[in-house]
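>>> Here you go, sequence then predicted model.
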Amino acid sequence: MTVKAGEEIHNSGDFRCQRCGELVHVEEGLTVPNCPGCGNTTFSWRDRPPKGH
């Protein structure tokens, strides 16, 4: 699933920049920032593993 900078996140998770690969963590209720590494605005969404795994 592709996520764009500025979108509000409904489930906390990690997002990988589609340009440089930097991983950004965003908490539920916050918006996805531009990539801190390259300024890109498009990310791939990654599920976080359940706690304890």
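Sure thing, it's come through.

>>> Mind listing residues that contact stretch 6-24?
For stretch 6-24, contacts defined as CB atoms under 8 Å, 6 or more residues apart in numbering pick out 2-3, 25-33, 35-38, 40-48. No exception for glycine: its C-beta is placed from N, CA and C like everyone else's.

>>> 6 Å - rerun?
When contacts are defined by CB atoms under 6 Å, 6 or more residues apart in numbering, stretch 6-24 is touched by residues 3, 25-28, 30-32, 35, 37-38, 40, 42-46, 48.

>>> Pull out the buried positions in that stretch.
For stretch 6-24, the neighbour count (16 or more other CB atoms under 10 Å) marks 9, 13, 15, 16, 17, 24 as buried.

>>> does the residue most central in space within the chain belong to a helix or a strand, and which?
Against the mean C-alpha coordinate of the chain, by CA atoms, centre = their mean, the closest residue is residue 15 at 2.5 Å. Using DSSP states H and E, residue 15 maps to strand 13-17.

>>> just how off-centre is that strand within its chain?
Relative to the chain's own centre, strand 13-17 is displaced by 3 Å; criterion: CA atoms, centre = their mean, to the nearest Å.
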